[in-house]
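> sequence plus the predicted model coming up.
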Protein chains: 2
Amino acid sequence: MEPIGVIHSPYKDRGEAPYQGHKSEAISQIEVFKEFEEGLQDIEGFSHIIVIYWFHKSQGYHLLVKTPWDDIPHGLFTTRSPHRPCPLALTVVELLAREKNILKVKGLDAIDGTPLLDIKPYIPEVDERWVAKSGWLAGKLGKERT
Amino acid sequence: MEPIGVIHSPYKDRGEAPYQGHKSEAISQIEVFKEFEEGLQDIEGFSHIIVIYWFHKSQGYHLLVKTPWDDIPHGLFTTRSPHRPCPLALTVVELLAREKNILKVKGLDAIDGTPLLDIKPYIPEVDERWVAKSGWLAGKLGKERT
């Protein structure tokens, strides 16, 4: 597995990054390595893209996790904790502009220097589902981090 | 990067797998390795989960790709082609049932034996966006593969 680029962001370490990046107004720059630039052709036509990256500062994990949204620990795979056996991160971001191999995006919570693994188009017809049950998270997401 | 499980599916090779897995009614079984089973606690409360896996049969890639939905080639990162520099796959699936470390899901297009990398809860408040522009894919997704 090799990165295809690197993320430049205003967040210098994990403590600065927001818990819910999509609520952030901060702008990040995604640098796709020059050798892959041709693969970005036509991407400026999309308002939103899926960014997959590596939580490179993540170390170790617990299978039961206490999050800011509940006092009770829950299974790691029912959370978006960065501390995972395979620390992959995935965020849907707004694509503001492209200049050659640089994408300017909003709503990304990655810290500066994060390795970029993949970019996919966000396609509502493919990526959205009508959700019947949101498990322990139901009704909690409106709440701010405590 | 180490897999956390393996996907058992009715699709024995890529030719059998559907182009749009979410339209499939086929049932797959996600086997999470026993050592990670505790991380699934409470997952049965969620109707939908995000499955991240490895396109392990993918070999090589082209930066410009012709898809079944258009006659014109487009940048690889504006497509969901499995042939990518870092062949990560991501699908939102319906979680039908859990038995211990096995998740029964609908809407997955992975082929049998696919390495599982991560599972995350699908959270509409986090994962859905109001899309203003769908690029070259606009209006094409309703069309069937030609």
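Yep, that arrived.

> now the strands for chain A?
A:5-8, A:27-32, A:48-54, A:64-65, A:74-75, A:88-99, A:102-106, A:114-121 (DSSP state E).

> out of those, which gets nearest to chain B?
Shortest separation from chain B across those is recorded for strand A:74-75, at 3.4 Å, computed as Cβ to the nearest Cβ. Heads up, the C-betas are built off the backbone N, CA and C, glycines and all.

> the closest one near chain B anywhere?
Yes - Strand A:74-75 comes into contact with chain B (Cβ under 8 Å from any Cβ of the partner chain), by way of A:74-75.

> please report how far the residue most central in space within chain A lies from residue A:108.
Closest to where the C-alpha atoms of chain A average out (Cα atoms, centre = their mean) is residue A:91, at 2.9 Å. Distance from residue A:91 to residue A:108, counting by Cβ to Cβ, to the nearest Å: 6 Å.

> do the same with residue A:14
14 Å.

> for residue A:27, same thing?
In terms of Cβ to Cβ, residue A:27 sits 9 Å off from residue A:108.

> more crowded one of the two?
Neighbour tally, residue A:27 and residue A:108, criterion other Cβ atoms under 10 Å in any protein chain shown: the higher count belongs to residue A:108, 28 against 16.

> contacting residues for the more buried one?
Contacts for residue A:108 (Cβ atoms under 8 Å, 6 or more residues apart in numbering or on different chains) come out as A:7, A:9, A:21, A:24, A:26, A:28, A:30, A:51, A:91, A:93.

> reformat the strands of chain A into TSV and put distance to residue B:131 and mean pLDDT next to each item.
Below are the strands of chain A laid out as TSV (distance: least, Cβ to Cβ, whole Å; pLDDT from 0 to 100):
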stretch	distance to residue B:131	mean pLDDT
strand A:5-8	22	98
strand A:27-32	18	97
strand A:48-54	5	97
strand A:64-65	31	97
strand A:74-75	30	98
strand A:88-99	9	96
strand A:102-106	14	97
strand A:114-121	10	97
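
> format the ones you listed as a markdown table; extra columns: distance to residue B:1.
Below are those laid out as a markdown table (distance: least, Cβ to Cβ, whole Å):
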| stretch | distance to residue B:1 |
| --- | --- |
| strand A:5-8 | 17 |
| strand A:27-32 | 20 |
| strand A:48-54 | 9 |
| strand A:64-65 | 21 |
| strand A:74-75 | 21 |
| strand A:88-99 | 8 |
| strand A:102-106 | 24 |
| strand A:114-121 | 10 |
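
> and which of the contacts of residue A:108 is nearest residue B:68?
Ranked by distance to residue B:68 (Cβ to Cβ), the contacts of residue A:108 are led by residue A:51 at 24.8 Å.

> the residue nearest to the centre of chain A and residue A:53, how far apart?
From residue A:91 to residue A:53 the distance is 8 Å (Cβ to Cβ).

> hey, what's in contact with both of those two?
Both residue A:91 and residue A:53 are contacted by residue A:110, under the criterion Cβ under 8 Å, 6+ apart.

> correct me, but residue A:124 touches residue B:133?
No - checked against Cβ atoms under 8 Å, the pair residue A:124 and residue B:133 is beyond contact range at 11.5 Å.

> neighbours around residue A:97, how many?
Residue A:97: 11 neighbours (other Cβ under 10 Å).

> quick one: it and residue A:106 touch, right?
No - with contact defined as Cβ under 8 Å, residue A:97 does not reach residue A:106; the gap is 10.3 Å.

> residue A:62: what's it in contact with?
A:76, A:83.

> how far does stretch A:124-142 sit from the chain's center?
When distances are taken as Cα atoms, centre = their mean, to the nearest Å, stretch A:124-142 is centred 17 Å away from the chain's centroid.

> next: stretch A:3-11.
11 Å.

> go on, stretch A:92-110?
On Cα atoms, centre = their mean, the centre of stretch A:92-110 falls 11 Å from that of its chain.

> follow-up on the earlier one: beta partners for the residue nearest to the centre of chain A?
Beta-bridge partners recorded for residue A:91 (DSSP bridges): residue A:51.
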